[in-house]
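Trainee: Attaching a predicted model along with its sequence, questions to come.
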Amino acid sequence: MTTDTVNRGTEPADQAGTTEHSPSGRGSDYAALSREVKQSGLLRRRPGYYSVKVGANLLLLAAGWTAFALIGQSWWQLVTAAFLAVMFTQTGFIGHDAGHHQIAASKRVNNLLGRVHADLLIGLSYGWWISKHNRHHSHPNHVDRDPDIADGPIAFTEDHARVRSGAYAWLARHQAWLFFPMLLLEGLALHVAGVQALLDRTGNAHSRKAKLTEAGLLTAHVAGYLAALFLVLSPVQAVVFLLVHQGLFGLYMGCSFAPNHKGMAIFGKDDRIDFLRRQVLTSRNIRGHRLTDFALGGLNYQIEHHLFPSMPRPGLRHAQKLVRSFCARQGIAYHETGLFNSYAQVLRHLHSVGGPLRPELEY
């Protein structure tokens, strides 16, 4: 969609560190906000916070697998599966922070932490995710530029819905009702996409070396995961554990990321908008408290995270006041809502997108 905020500005920087110059106009608004945030000290690294965060998360993850080994062949293991689904998602949040270089000043340390948490501990390709996520951060909700709204199982624009046929058309018609059930497959989809990316032989020598490292870590994860399940549990219990664990992992991950941009402004492929407005207008914050911060891994401050992706997670809460006040002065809509209302907005958007495929309605 084209809005009255569209202009010819470009963003000053994306989270991967590439820079696009904005010579004049509204692009300078971000520079002013950035100065305020830098002066507040919120971009400084938080080694103490992340030392405790990473250490506690590893202990809880280890406790989950220890309980799994001690319980043995029992259907009570489904409780363990649910707990480990939560811990896998929390581990993924740490990998996300590492990918944005929020944890350490060293890129090498961040990448090491990211690969260990993503590839080894939960079986997701860190390199594939970084590439995809960087493109999303550069152009959120921008048609043909944001991979998160690319045509796939879910249609996020009416144009994508209208060209569908057969089973995909049926899926788009009912996608609002099927959205949460489909999230149960999100964990599997992430695993498969990562493996496919590693099997892609294109790239330079450095990327091939990184892929080999990731392939080793992913192989270690898969081998250890499946060996644990089938050595400790009966075959039937192992399969059920895998389905419950991976299903809940995907559901939790999807429910954490879905409220961030779905149902917010979408820009056409030819629209141009400055960095500040691009990030704010396409993002939605989730109102809550520190439990919300923990449960959503800081993603509830999506506006602040997109404006300052390298900001350590504990700084986002404090940056919110500065960003919201700045947006009010500039007349930029700042969207914040409750968690359940955010899901309702996402479902309404998906229902509306599928509307042209429902012949019983007038479009």
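Mentor: Now that the structure is in, tell me what you want to look at.

Trainee: contacts, neighbours, all on C-alpha from now
Mentor: Will do.

Trainee: Buried residues, stretch 155-164. List them.
Mentor: Ala155, Phe156, Thr157, Glu158, His160, Ala161, Arg162, Arg164 (16 or more other C-alpha atoms under 10 Å).

Trainee: Hmm, I typed the wrong one, I wanted stretch 248-264.
Mentor: 248-256, 259-264.

Trainee: just to revisit the earlier point, need the buried residues of stretch 155-164 in JSON lines with secondary structure, pLDDT and distance to Ala172, can you?
Mentor: Formatted as JSON lines, those follow (DSSP: H, G, I helix; E, B strand; the rest coil; pLDDT from 0 to 100; distance: C-alpha to C-alpha, whole Å):
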{"residue": "Ala155", "secondary structure": "coil", "pLDDT": "93", "distance to Ala172": "6"}
{"residue": "Phe156", "secondary structure": "coil", "pLDDT": "92", "distance to Ala172": "9"}
{"residue": "Thr157", "secondary structure": "coil", "pLDDT": "91", "distance to Ala172": "10"}
{"residue": "Glu158", "secondary structure": "helix", "pLDDT": "90", "distance to Ala172": "10"}
{"residue": "His160", "secondary structure": "helix", "pLDDT": "89", "distance to Ala172": "9"}
{"residue": "Ala161", "secondary structure": "helix", "pLDDT": "90", "distance to Ala172": "6"}
{"residue": "Arg162", "secondary structure": "helix", "pLDDT": "89", "distance to Ala172": "9"}
{"residue": "Arg164", "secondary structure": "coil", "pLDDT": "89", "distance to Ala172": "8"}
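
Trainee: Nearest to Gln279 among those residues?
Mentor: Phe156 (17.9 Å; C-alpha to C-alpha).

Trainee: how close does the nearest residue to the closest one once chain neighbours are set aside get to Trp177?
Mentor: Among residues not flanking Phe156 along the chain, Ile149 sits closest, at 5.8 Å (C-alpha to C-alpha, 6 or more residues apart in numbering). Distance, Ile149 to Trp177, using C-alpha to C-alpha, to the nearest Å: 18 Å.

Trainee: Over to Thr157?
Mentor: Counting by C-alpha to C-alpha - Thr157 and Trp177 are separated by 17 Å.

Trainee: Next: Phe68.
Mentor: For Phe68, the distance to Trp177 - C-alpha to C-alpha - is 34 Å.

Trainee: Compare the two and say which is more crowded by neighbours.
Mentor: More neighbours surround Phe68 than the other of Phe68 and Trp177, with 23 against 14 (other C-alpha atoms under 10 Å).

Trainee: And for Leu59, the neighbour number?
Mentor: Using other C-alpha under 10 Å, Leu59 has 10 neighbouring residues.

Trainee: what about it, helix or strand, and which?
Mentor: Here Leu59, judged by DSSP states H and E, is contained in helix 47-71.

Trainee: Flag every buried residue along the helix or strand that that helix is followed by.
Mentor: The element immediately downstream of helix 47-71 (helix or strand, assigned by DSSP H and E) is helix 77-99. Within helix 77-99, the residues that count as buried by 16+ other C-alpha under 10 Å are 77-78, 80-99.
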